[in-house]
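Chemist: Dropping the sequence and predicted coords here.
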There are 2 protein chains.
Amino acid sequence: MPSRQVSMGDVARHVGLSRSTISFVINGRTDIRIAEETKRRVWEAVAELGYRPHAGARSLASNRTNLLGLVTDIASSPFGGGIITGAQRAAWERGQVLLIVSIDVDASADAAMLEMLLERRIEGLIYATAGHVAVSLPASAAEVPVVLVHCEDVDGRYPSIIPDEEHGGYTATRRLIDGGHRRIGLINLDAPIPAAGRRSGYERALREADIDIDPTLIVSGSADAGAGYELARQMFRHPDPPSALFCGTDRVAMGAFDAIREAGLRIPEDVAVVGYDDQEIVASYLRPALTTVALPFEEMGAAAVEALNGDIEAFKGSVVRGSLVERASA
Amino acid sequence: MPSRQVSMGDVARHVGLSRSTISFVINGRTDIRIAEETKRRVWEAVAELGYRPHAGARSLASNRTNLLGLVTDIASSPFGGGIITGAQRAAWERGQVLLIVSIDVDASADAAMLEMLLERRIEGLIYATAGHVAVSLPASAAEVPVVLVHCEDVDGRYPSIIPDEEHGGYTATRRLIDGGHRRIGLINLDAPIPAAGRRSGYERALREADIDIDPTLIVSGSADAGAGYELARQMFRHPDPPSALFCGTDRVAMGAFDAIREAGLRIPEDVAVVGYDDQEIVASYLRPALTTVALPFEEMGAAAVEALNGDIEAFKGSVVRGSLVERASA
DNA sequence: TTGTATGCGTTATCAG
DNA sequence: CTGATAACGCATACAA
């Protein structure tokens, strides 16, 4: 328990140099030439004394914190953690740190949290959600650069980084077509933001392969297993049932699996299935393991940090692509 | 874009008081009596000028940061996010903030991350893992109070906050006994830290109910669905098979479900099943939904913050209890 | 109850 | 290349 922390002055005294010199070498400033020997001595003293810069003092003097705020509900959600991972990696590479605040999906008590972030002098704010939703930020958010991830703000003030749903729909469908299928069912999501994009990707893939779009093969419902089960059951009562299924969610696929088995069909021999989300727990433990389109969480997190560090306006309406995770169901 | 941030001095000038007075009212100091009228005027000016304290300056002057470091792999894991939620809630209540650093389960490049946390002058460190494992921290961690959550350090230097596995095993088994079962199978985990505790809870519940412990009803394997399937299959080839199953993991239960169905048995009518972990996605989307023992993640996170704020030694070897989540499988 | 003076650890400016 | 010196915004001992 050292009685006092060791400061830059202590280091200076130890090596018999001025504080400025210490500061220069510690910050690795290239605009000022310093003798190698001097640097060596400084670093040596730093190690010997166990000196550690004081971030608070530094931010006071330099008026920079290298702090980015990340407020998100993904910690209280079973997936989407990739956003944190991706954002943090990108931030770290730039010498930046994330101050993460976890909120509830519903909570609006986040004004106080934001205030706290502002007191800490964050230099940018990332607001990320696990689900693709519309949000509304406290007014004070506007005091720093803001990017939204996986959500959109109600009055379109801030740029959003969202998954390329059209491309995802296309990728999934294309995989099925490449597997030789021509009757491909789509169990889409009811009306949330992404549903439309997913469907048009599906249709584009079909058109490209000269397959007629059969509206009776397209249904939609909620995102859970129950809906998947019901909708799939219904679909396999079709006089000319599909040989492949693109499900809007891994959970939907999970339900569909049950219905397909109940119909006495095997996966993927009789029916190939592709899911959406790559919710690891569901997708990889399903039997057979689910081939699915991964949401690009890490990429979105990283993109958010890049946006904050670059021309933020350039990211308006930008979209990032997920990739197909091949397992055994298609 | 204000050309300069407004400081305490600006507020003081605005109301015609000294900076100390402003400081006193802003920090709500009760050891110094200040006229209500004065306070009112100060807060008014604060609002009018949009003054916001500078956390860096404050930490420099007071030598306190109210920052807690949380380094964890749960963001890159599908569950355990409750630790963040719980820790943050507890911290927030004490006016503290979490600096969260997400690491990979394997990564050991965390020395640099820890160094960064120390530069930010964290006043305590929480190291939390998604899985119950043994870890080893960089030496510099010892410079601040440390608590481990859901893990233990190899040389037992720091206190750990871990789930009460014995109690969990007891709770699950007890639930089955209360449901009228007397032949209860246990599919335990192979040799990781928690397995032993779980089993002794199971045995205690049995003994309490005067049920003989049948070693042939106790098997163990890895934590995944594949193992659950195999082990359960095996168990139902027993001449006198169990009418209830306690699975060491929800994923194991997921596999067991398949085996039970294959054996032509119904859940829970013919076989009652209780899982462990309460991995929401698995447990709630299984059909029937899985009754399971929840790991007390939020409570552990909160306990960690409390430990850091109190007598940290008192938390050595302390254990926190999860609770049963009743669904439909038992 | 309020004001003054000082110091916290850094960075930045500017002169050598 | 190096060394004084002055901020940075706030808390606090001390004086009034």
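Modeler: Sure, I can see it.
Chemist: what's the burial count for the closest residue to DNA strand C within the stretch 51-200 of chain A?
Modeler: Proximity of the stretch 51-200 of chain A to DNA strand C (CB to the nearest atom of the strand) peaks at A:Ala61, 2.8 Å away. From N, CA and C alone the C-beta is placed, and that goes for glycine too. The local packing count at A:Ala61 equals 13, with neighbours defined by other CB atoms under 10 Å in any protein chain shown.
Chemist: How about A:Glu93?
Modeler: When neighbours are counted by other CB under 10 Å, A:Glu93 registers 10.
Chemist: The helix or strand hosting A:Ile162 - what's its average pLDDT?
Modeler: Per DSSP states H and E, A:Ile162 falls inside strand A:160-163. Confidence over strand A:160-163, taken as the mean pLDDT, stands at 94.
Chemist: Ok, stretch A:50-57 next?
Modeler: 95.
Chemist: which residues touch it?
Modeler: By CB atoms under 8 Å, 6 or more residues apart in numbering or on different chains, the residues outside stretch A:50-57 that reach it are A:5-8, A:10-11, A:26, A:45, A:65, B:55-60, B:65, B:115, B:118-121.
Chemist: rerun that using 6 Å as the cut-off
Modeler: Residues from elsewhere that reach stretch A:50-57, judged by CB atoms under 6 Å, 6 or more residues apart in numbering or on different chains: A:Val6, A:Val11, B:Gly56, B:Ser59, B:Leu60, B:Leu118, B:Glu119, B:Arg120.
Chemist: swap in stretch A:87-102?
Modeler: For stretch A:87-102, contacts defined as CB under 6 Å, 6+ apart pick out A:66-71, A:75, A:113, A:301-302, A:304-305, B:84-85, B:88, B:100, B:102.
Chemist: one more time with 7 Å, if that's ok
Modeler: With contacts defined as CB atoms under 7 Å, 6 or more residues apart in numbering or on different chains, stretch A:87-102 is touched by A:66-73, A:75-76, A:84, A:113, A:117, A:120, A:122, A:126, A:301-302, A:304-306, A:309, B:84-85, B:88, B:99-100, B:102, B:116.
Chemist: Mind checking which of the residues you listed are in strands?
Modeler: Judged by DSSP state E, strands contain the following of those: A:Leu67, A:Leu68, A:Gly69, A:Leu70, A:Val71, A:Thr72, A:Ile126, B:Leu99, B:Ile100, B:Ser102.
Chemist: quick check, nearest of the residues you listed to DNA strand D?
Modeler: The shortest approach to DNA strand D among these belongs to A:Leu67, at 15.4 Å (CB to the nearest atom of the strand).
Chemist: Just the pLDDT for the closest one.
Modeler: Predicted confidence (pLDDT) for A:Leu67: 97.
Chemist: which residues touch the nearest residue to it once chain neighbours are set aside?
Modeler: Excluding the flanking residues, the one nearest A:Leu67 by CB to CB, 6 or more residues apart in numbering or on different chains is A:Ile122, at 4.7 Å. A:Ile122 sits next to A:Thr65, A:Leu67, A:Leu68, A:Gly69, A:Leu99, A:Val144 when contact means CB under 7 Å, 6+ apart.
Chemist: What's the separation between A:Ile122 and A:Arg58?
Modeler: A:Ile122 is 15 Å from A:Arg58, where distance means CB to CB, to the nearest Å.
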